[in-house]
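>>> coordinates only, no sequence provided:
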């Protein structure tokens, strides 16, 4: 029993953020343009995309948006014709921004509240990988106050402090059946926090081009003294003391971004972004349980993630004084090495396309809508720990809407 439990707990993927958990839904205008924004001045979402550009916003902003995310994965076990699908669940990443400062001033203040990491998936209780994962509900909410300063006509800079409030609710079957043949179950549930910072540099050397460079730091997030709940047969309950808690610390990776904006005419804006995500900081996944027994030991499992890269491109066309049309797309490499793919986010290299529409409802009031389709490449893997073997394929559908008031 001890070996079985240690294997199960070593596979629990709580907070194993892969590229698939980097949500990248921080602004509707930017989503519509393929997630570009590092080298542009567009709206309050510059608090996230480039704090150095915030001071160049011609008006103050209050805006909020939501991007319901539909995540659908298929799994085909090796050597079979069986197909398992994740259940239909809708995650709700959101963003809120406020920007204020005197008009034409050399400084502005900003505040961002957004969800850069998260996930929601549910495979049910009867699929082949239930001893690896049944369901996962994961959120990371960042709070970012920001100061942006104009140095001269060409250069501006900005930076902010980041506080992360994270939560997780994960369930997983345990191969310990009761008299009715039902599996045991483990649930890890709790909240945690972490701290970080970001900074941006914005350069406008001419009316036809702009350049942005940003760094968002690693945010080590600690889930501390949170509930570890085990439902097992009465005959083995002594090995699973209740109540019990666990502690785990996960480094959310730093991101470095370079963005370029081009303005060939008054109506067209074209943008390119390149991002390097430093996932190599995520080496291990460790759980420290407050109460241990011979059956319930602390766990330490290798993750060995690698850095990931994303390439983004997009454009905006101002059809008239009220309407803007947007489109874009990109490619993102996976952070998960072969042998480490798990079903909470069966990550792979991905491609995506986006579209968007902006419309001025009234003076100072804008609505922006966006849509994104992502396709993760089919990936056949055998996990080196669980030996879960098969082919994952995932598609993601993301509509979104935001309102912005500016004055």
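Thanks, I have the structure now. Remember, it's a predicted structure, so these values are computed and weren't measured experimentally.
>>> any stretches of the stretch 51-200 of the chain with poor pLDDT?
Low-confidence segments of the stretch 51-200 of the chain (pLDDT under 70): 179.
>>> could you pull out the helices for it?
For the stretch 51-200 of the chain, no helices are identified by DSSP state H, counting those that start in this stretch.
>>> show me where it has strands.
Under the criterion DSSP state E, counting those that start in this stretch, the stretch 51-200 of the chain carries strands at the ranges 61-66, 69-77, 84-85, 90-91, 94-100, 107-122, 135-150, 155-174, 184-206.
>>> would you list these in JSON lines and tack on distance to residue 370?
All C-beta spots, glycine's among them, are computed from the backbone N, C-alpha and C. Formatted as JSON lines, the strands of the stretch 51-200 of the chain follow (distance: least, CB to CB, whole Å):
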{"stretch": "strand 61-66", "distance to residue 370": "9"}
{"stretch": "strand 69-77", "distance to residue 370": "12"}
{"stretch": "strand 84-85", "distance to residue 370": "26"}
{"stretch": "strand 90-91", "distance to residue 370": "16"}
{"stretch": "strand 94-100", "distance to residue 370": "12"}
{"stretch": "strand 107-122", "distance to residue 370": "15"}
{"stretch": "strand 135-150", "distance to residue 370": "20"}
{"stretch": "strand 155-174", "distance to residue 370": "24"}
{"stretch": "strand 184-206", "distance to residue 370": "22"}
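>>> among these, which is nearest residue 389?
strand 69-77 (6.8 Å; CB to CB).
>>> so what strands line up beside that closest one?
Using DSSP bridges, strand 69-77 pairs in its sheet with strand 84-85 (antiparallel), strand 90-91 (antiparallel), strand 389-406 (antiparallel).
>>> tell me the secondary structure at residue 235.
helix (DSSP: H, G, I helix; E, B strand; the rest coil).
>>> check what pLDDT it gets.
Residue 235 carries a pLDDT value of 86.
>>> from residue 291, how far out is it?
Distance, residue 235 to residue 291, using CB to CB, to the nearest Å: 19 Å.
>>> the more surrounded of the two?
residue 291 (13 against 10; other CB atoms under 10 Å).
>>> residue 108 versus the more buried one, what's the distance?
From residue 291 to residue 108 the distance is 51 Å (CB to CB).
>>> try residue 207
Distance, residue 207 to residue 108, using CB to CB: 22 Å.
>>> neighbour count: the two, which is higher?
Between residue 207 and residue 108, counting by other CB under 10 Å, residue 108 is the more crowded of the two (27 against 7).
>>> could you find the closest non-adjacent residue to the more buried one?
Counting by CB to CB, 6 or more residues apart in numbering, residue 101 is the residue found nearest to residue 108 once chain neighbours are left out, at 3.3 Å.
>>> looks like that neighbour contacts residue 109 (just checking).
Yes: when contacts are counted by CB atoms under 8 Å, residue 101 is listed as touching residue 109 (6.0 Å).
>>> name the residues contacting each of those two.
With contacts taken as CB atoms under 8 Å, 6 or more residues apart in numbering, residue 101 and residue 109 have residue 148 as neighbours in common.
>>> so residue 202 sits right up against residue 156, yeah?
Yes: look at residue 202 against residue 156 with CB under 8 Å: they come within range, at 4.9 Å.
>>> the more surrounded of these two?
Of the pair residue 202 and residue 156, residue 202 is the one with more neighbours under other CB under 10 Å, namely 31 against 27.
>>> quick one: that one from residue 41, how far?
As defined by CB to CB, residue 202 lies at a distance of 7 Å from residue 41.
>>> what residues are shared contacts of these two?
53, 56, 210.
>>> compare those residues and tell me which has the most neighbours.
Neighbour-wise, the shared contacts of residue 202 and residue 41 (other CB under 10 Å) top out at residue 53, 32 neighbours.
>>> so residue 211 bridges to which residues?
Beta-bridge partners of residue 211, counted by DSSP bridges, are residue 203, residue 260.
>>> what about it, distance to residue 318?
As judged by CB to CB, residue 211 and residue 318 stand 22 Å apart.
>>> what sits in contact with each of residue 202 and residue 156?
By the contact definition CB under 8 Å, 6+ apart, residue 202 and residue 156 are jointly contacted by 52-53, 56.
>>> in a markdown table: these, plus distance to residue 383.
As requested, the shared contacts of residue 202 and residue 156 are exported to a markdown table (distance: CB to CB, whole Å):
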| residue | distance to residue 383 |
| --- | --- |
| 52 | 42 |
| 53 | 42 |
| 56 | 48 |
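>>> which one of those sits closest to residue 400?
Lowest distance from residue 400 to the shared contacts of residue 202 and residue 156 (CB to CB) belongs to residue 53, with 21.2 Å.
>>> looking at it, the closest one is touching residue 202, isn't it?
Yes: with contact defined as CB under 8 Å, residue 53 counts as touching residue 202 (4.3 Å).
>>> need the overlap of contacts for these two.
In contact with both residue 53 and residue 202: 41, 156, 158, 212, using CB under 8 Å, 6+ apart.
>>> and the two most separated of these?
41 and 158 (11.6 Å).
>>> anything in contact with each of the two?
Taking CB under 8 Å, 6+ apart as the contact rule, residue 41 and residue 158 both touch 53, 202.
>>> more neighbours, the two?
residue 158 (27 against 21).
>>> done for today, thanks.
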